[in-house]
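Asker: Make a model of this:
(chains A and B)
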There are 2 protein chains.
Amino acid sequence: MFEIKNIDGCAKSGIFKTVHGDIKTPVFMNVGTAAAIKGAVSTVDLKNINTQVELSNTYHLHVRPGDKIVKEMGGLHKFMNWDRPILTDSGGFQVFSLAKLRKIKEEGVYFNSHVDGRKIFMGPEESMQIQSNLASTIAMAFDECPSSMADREYVKKSVDRTTRWLIRCKNEIERLNSLEDTINKNQMLFGINQGAIFDDIRIEHAKEISDLNLDGYAIGGLAVGESHEEMYHVIEKVVPYLPSNKPVYLMGVGTPSNILEAVERGVDFFDCVYPSRNGRHGHVYTNHGKLNLLNKKYELDQRPIEEGCGCEACTHFTRGYIRHLLKAKEMLGMRLCVLHNLYFYNNMMEEIRQAIDNNEFAAYKKRKIDGFNAGE
Amino acid sequence: MFEIKNIDGCAKSGIFKTVHGDIKTPVFMNVGTAAAIKGAVSTVDLKNINTQVELSNTYHLHVRPGDKIVKEMGGLHKFMNWDRPILTDSGGFQVFSLAKLRKIKEEGVYFNSHVDGRKIFMGPEESMQIQSNLASTIAMAFDECPSSMADREYVKKSVDRTTRWLIRCKNEIERLNSLEDTINKNQMLFGINQGAIFDDIRIEHAKEISDLNLDGYAIGGLAVGESHEEMYHVIEKVVPYLPSNKPVYLMGVGTPSNILEAVERGVDFFDCVYPSRNGRHGHVYTNHGKLNLLNKKYELDQRPIEEGCGCEACTHFTRGYIRHLLKAKEMLGMRLCVLHNLYFYNNMMEEIRQAIDNNEFAAYKKRKIDGFNAGE
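Answerer: Numbers count the residues shown, from 1 in each chain, chains lettered A, B, ... in the order given. So this is what the prediction gives:
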């Protein structure tokens, strides 16, 4: 399922095969929370910016329009008109960060919808059922993501429960995949490593979940408040204990530099809201660092965001024009910045894969980060 | 400059030649107020939906980013990256509808910016100077658009002043077009007929402005509160007194049915915010009437907005999906509805031109309006 193409240090390039097509890794998944990329970007646009995998949020879709509606519409792929792979998260992270009045029990989590306040229960089985209704390519296990401030005792208890939940997820997805009316009977399951910044808990957990022979493994609970160094440290510690023949997914990370550092430590899958969220605020990525297009100095700037960039914004419009759109609160300004940022990320991943294939990742990484730091 | 291709009753098809290319008439101009179509639609999109003419608002661009900025950026065409014709309004309508604390004098209008409250003066010369800086293909004369509630005496006085202003506009644009550093030295000027719903004032004014041998003539001050019948009546009365070898532009009108009625009465140019504004609210045009996609009944509707429509929304997405986007307040929902609506208008104009060329406009119009009224 996961073919390693080349190994360059700890970085690796590969191909992950799915029923919705091959994923070239390392890959950055483009986040479309509610079955749409924020910033007026459609799946037609995603094809134009070379997106390989779209990521949607289980919690949001369960709340609106409802996973049963999506199932009646033929599943997420048909709903969004996207024939490439889709990964859905488990809903857990949103339950813990967005929902109100939550109560965690062995069976799952009781909480109130952030949209209309109604009571919802979600446990491992419910998360798998919702994701099965959505019919994504890859489902994520339902886990608890403990606060980065949580003490050791809480984290240990939480991680043990997450392991028990993972076994229930695995059993449930196997049952769902065998049902007659399941849309994607080949839905895959990725487990999630937790343990905050406690090395031994992380490693013990990694070993336990590795035994379950899942389709892939994620490192969760990072980029939630700890320092970059702590994050890199955890990745270094954990990756060696995850199966080498399965992809490793670093959830919710991060900046272009974060991604380069994590690839160097063996990570294959990424996702993050940064490119779309920053784009909506006029912050755009370039090989010479991030620009804030709202800055007055771009008012008369006739250059594209980045010379030579192939995105719709850079091939057609100037910084000065996009700045005007942002100042005038024209949605088009946000759309162009989001398109550029996602293209930048997707394109960087392509460069990363090539660098690994050419056994020159370390030099590429240094050049890239030096460029980011140098500025314009 | 204006070649009549065919005449079918009072309806006519033609070609209006400009330095930025030919305009096939009747034409619907797509409104991009602040140099962008609201709803995250770019000039790249406009080409895809067969837009012939983009219309921008002088007042908005004067206030932000400033017409001098646009001039430094090479004019509106370069600023927006649009090589087809652009029409700019005079700013008058916005001064009268948006600006605060305005004072009308013989020399022009004193008012406060709706953005930052700063004092601005705009008269015929200033309007021409701003439009010359914007370098649009067609500039509109600076006029007063009296309230539809204004009494006869006020309207007469106002129209007389509008005529004097028109002469000043003509002199000023001729001067500007002869200057070395003017971007578009072939900028054209359309005059505007006013007179509220007083036939004799309208007709007298039409005669006066016709003598000025302008590039085109607009009927202004309609669709501002009077009934459709009053509007059609004014068009019928005025058109015969405007030069038959110049295009007639009905400003700010209107619904698909309004356009069909006005084409039948000899109008060649149209513009209106309806398709983009309605699109942003999820109201979409079809040959079977307007749909409100927020309606619950579209939740599971797997059909496109309109079967057979060639727009990006209809060729890729279902009503159910677009409804979800609108409910979830995803910008993409607005963008898809705006794209559809503008495509619908542009496509209807193409059908109108063909019907006129085939001498079957009356039958086409009846069929179309019957369809709108029949509903789904």
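Asker: Low-confidence stretches in chain A?
Answerer: A:101 (pLDDT under 70).
Asker: Let me see the domain layout of it.
Answerer: A:2-272, A:279-374 (automatic domain parsing).
Asker: Between its first and last residues, how far does stretch A:278-287 reach?
Answerer: 16 Å (C-alpha to C-alpha, to the nearest Å).
Asker: quick check, distance from that stretch to the centre of its chain.
Answerer: Distance of stretch A:278-287 from the chain centroid (C-alpha atoms, centre = their mean, to the nearest Å) equals 18 Å.
Asker: which non-adjacent residue is nearest the one residue sitting closest to the centre of chain A?
Answerer: Per C-alpha atoms, centre = their mean, the C-alpha nearest to the average position across chain A is that of A:Asp271, at 2.3 Å. Of all residues not flanking A:Asp271 in the chain, A:Met29 sits nearest, at 4.2 Å (C-beta to C-beta, 6 or more residues apart in numbering or on different chains). C-beta here means a position set from N, CA and C on the backbone, and glycine is covered the same way.
Asker: cool, A:Thr163 as well?
Answerer: Ranked by C-beta to C-beta, 6+ apart and with sequence neighbours excluded, the top spatial neighbour of A:Thr163 is A:Glu208, at 5.4 Å.
Asker: Give me the distance between the one you found and chain B.
Answerer: A:Glu208 is 38 Å from chain B, where distance means C-beta to the nearest C-beta, to the nearest Å.
Asker: Kindly report the same for A:Phe142.
Answerer: Distance from A:Phe142 to chain B, by C-beta to the nearest C-beta: 23 Å.
Asker: which stretch of helix or strand covers the residue in the stretch 151-300 of chain A that chain B sits nearest to?
Answerer: Proximity of the stretch 151-300 of chain A to chain B (C-beta to the nearest C-beta) peaks at A:Leu300, 5.5 Å away. For A:Leu300, there is no enclosing helix or strand under DSSP states H and E.
Asker: Isn't it up against B:Glu72?
Answerer: Yes: taking contacts as C-beta atoms under 8 Å, A:Leu300 lies within contact range of B:Glu72: 5.5 Å.
Asker: all strands in the stretch 251-376 of chain A, in order from the N-terminus.
Answerer: Secondary structure of the stretch 251-376 of chain A (DSSP state E, counting those that start in this stretch): strands at A:269-271, A:283-286, A:289-292.
Asker: hey, which of the ones you listed is tucked in deepest?
Answerer: Scoring these by mean neighbour count under mean count of other C-beta atoms under 10 Å in any protein chain shown gives strand A:269-271 as the most buried, with a mean of 24.
Asker: Please name the residues that touch A:His114.
Answerer: A:63, A:98-100 (C-beta atoms under 8 Å, 6 or more residues apart in numbering or on different chains).
Asker: one more time with 10 Å
Answerer: With contact set as C-beta atoms under 10 Å, 6 or more residues apart in numbering or on different chains, A:His114 has these partners: A:59-60, A:63, A:94-95, A:97-100.
Asker: Would you reformat those residues as TSV and include neighbour count?
Answerer: Output for the contacts of A:His114, formatted as TSV (neighbours: other C-beta atoms under 10 Å in any protein chain shown):
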residue	neighbour count
A:Tyr59	27
A:His60	20
A:Val63	22
A:Gln94	20
A:Val95	25
A:Ser97	12
A:Leu98	16
A:Ala99	20
A:Lys100	9
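Asker: Out of those residues, which sit inside strands?
Answerer: A:Lys100 (DSSP state E).
Asker: Of the contacts of A:His114, which pair is most distant in space?
Answerer: A:His60 and A:Lys100 (15.1 Å; C-beta to C-beta).
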